[in-house]
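> Let's see this in three dimensions:
(one chain, ligands or ions: 1)
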Amino acid sequence: MQSTGNTILITGGASGIGLALARRFHSRRNRIILTGRDPHKLARAAASLPGAFTFPSDISDPASVDTLCDYIATGHPGLNLLVNNAGVQYAYDFQTTPDIVSNIAAETAINFTAPLQLTARLLPQLSRQPAAAVVFVSSALYIAPKRSAPVYCATKSAIHTFAKALRYQLEGSPVKVFDIIPPLVDTAMTANRSSGKISPDQLAAIFLRLFENEVYEQHIGKARLLKLLSRLSPALAERILRNG
Ligand SMILES: NC(=O)c1ccc[n+]([C@@H]2O[C@H](COP(=O)([O-])OP(=O)(O)OC[C@H]3O[C@@H](n4cnc5c(N)ncnc54)[C@H](OP(=O)(O)O)[C@@H]3O)[C@@H](O)[C@H]2O)c1
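Numbering: from 1, shown residues only. Down below sits the predicted model:
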């Protein structure tokens, strides 16, 4: 895929991995649209990306997704790249944490249902472009889960599997399907982890190189090692990750 001249919508683009991807694409003369729930965060992010557009939305709210898609259809008809990056991670224990039902619903909606619905809504527009792509951000935790965040890990396994099946469906169409499989990355989501993280910018640099080379499943950094290890010794891979 060309990494210049695209029109790109990035969910969760105001921070962390989404913002790092936005910066990389912006430096290569792409038209960037950032979305997320917090308009102040979006404005701060856009201030460092001259010419970038922002549109606040909550991707877990179907009405908000409708408004976002209407804005994209009218304001950015040339959209050819959707980056489904927004996500949340909640730690809870099914035996001891009270009132987890709403957490389960929110985490599943944001991490899994919303990217699928947004993709479904924007696919007709993407398909009209000569070259287009949908990018998902799963996680190395699809390979082996950690005990502290069972729903998060399950949503990331699901998004990984979905991306693969969608790639099969779209073979022969102009729309390519990428899956970024990050290791631990230094963002707000991992603020409680002190070591072993790569920076969002390191991840974005690797992603862009693999994107240009049409590598669709991108196991990055330690995620590559984990994938290899899980083939050699699934039990060891699971042991390493379970208390992470
Ligand atoms: N950091 C890691 O180690 C790591 C590893 C593997 C995968 N990932 C994945 O990478 C992606 C980005 O995470 P990150 O680490 O960069 O964390 P982050 O800095 O917390 O970014 C998450 C972004 O998602 C947005 N978001 C959350 N809920 C949303 C909603 N309902 N609607 C719209 N936007 C929403 C947030 O903005 P608002 O709060 O303003 O809405 C925020 O900008 C996630 O999918 C995560 O699962 C991260």
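
> surely L208 meets T4?
No: in this structure, L208 is not within contact of T4 by C-beta atoms under 8 Å, at 10.7 Å. (Each C-beta comes from the backbone N, C-alpha and C, glycine too.)

> which residues are common contacts for those two?
The overlap between the contact sets of L208 and T4 (C-beta atoms under 8 Å, 6 or more residues apart in numbering) consists of R28.

> So which of those two has more stuff around it?
The neighbour count for L208 versus T4, taken as other C-beta atoms under 10 Å, is higher for L208 (17 against 10).

> what about that one, distance to T155?
L208 sits 25 Å away from T155, going by C-beta to C-beta, to the nearest Å.

> Next, the most centrally placed residue in the chain: phi, psi?
The chain has N85 as the residue nearest its centroid, 2.4 Å off, counting by C-alpha atoms, centre = their mean. The phi/psi pair for N85 (degrees, to the nearest 10) reads phi -110, psi -30.

> I'd like the distance between the residue lying closest to it once chain neighbours are set aside and the ligand.
Once flanking residues are discounted, N85 sits nearest to G18: 4.2 Å by C-beta to C-beta, 6 or more residues apart in numbering. Distance of G18 to the ligand, computed by C-beta to the nearest ligand atom, to the nearest Å: 6 Å.

> In contact with the residue nearest to I143 when sequence neighbours are not counted, which residues?
The shortest distance from I143 to any non-neighbouring residue, by C-beta to C-beta, 6+ apart, is to S230 (5.0 Å). The contact partners of S230, taken as C-beta under 8 Å, 6+ apart, are 143-144, 237-238.

> For the top helix by length along the chain, name the packing helices and strands.
Criterion DSSP state H: the longest helix present in the chain is helix 150-169. Contact here means 3 or more C-beta pairs under 8 Å, 6 or more residues apart in numbering; DSSP states H and E; on that basis helix 150-169 packs against helix 101-108, helix 114-127, strand 132-137, strand 175-181.

> Which residues belonging to the first one are considered buried?
Translated: helix 101-108. 107-108 (16 or more other C-beta atoms under 10 Å).

> and the angle from it to helix 114-127?
Relative orientation of helix 101-108 versus helix 114-127 (axes from the mean of the first three to the mean of the last three C-alpha atoms, to 10 degrees): 20 degrees.

> Which positions in this protein make contact with the ligand?
Taking C-beta under 6 Å from any ligand atom as the measure of proximity, the chain contacts the ligand at 11-12, 14-18, 36-38, 41, 58-60, 85-88, 110, 137, 139, 182, 184-185, 187-190.

> Show the buried residues in those.
Among the residues of the chain next to the ligand, the ones that count as buried (16+ other C-beta under 10 Å) are 11-12, 14-18, 36-37, 41, 58-60, 85-87, 110, 137, 139, 182, 184-185, 187, 189.

> Where does the prediction get shaky in the chain?
For the chain, no stretch is flagged by pLDDT under 70.

> Now do the strands in it.
Counting by DSSP state E, the chain has these strands, from start to end: 7-11, 31-35, 53-54, 81-84, 132-137, 175-181, 217-219.

> angle of the first one against helix 114-127?
By that I understand strand 7-11. Strand 7-11 runs at 170 degrees relative to helix 114-127, counting by the same axes, to 10 degrees.

> Starting from the ligand, give me the distance back to F207.
Between F207 and the ligand the distance is 11 Å, computed by C-beta to the nearest ligand atom.

> partner residues bridging the residue nearest to that residue when sequence neighbours are not counted?
In this structure, F207 finds its nearest non-sequential neighbour in I180, 5.6 Å apart by C-beta to C-beta, 6+ apart. Counting by DSSP bridges, I180 forms beta bridges with V137, Q218.

> ok, how many other residues are close to I180?
By other C-beta under 10 Å, the residues close to I180 number 26.
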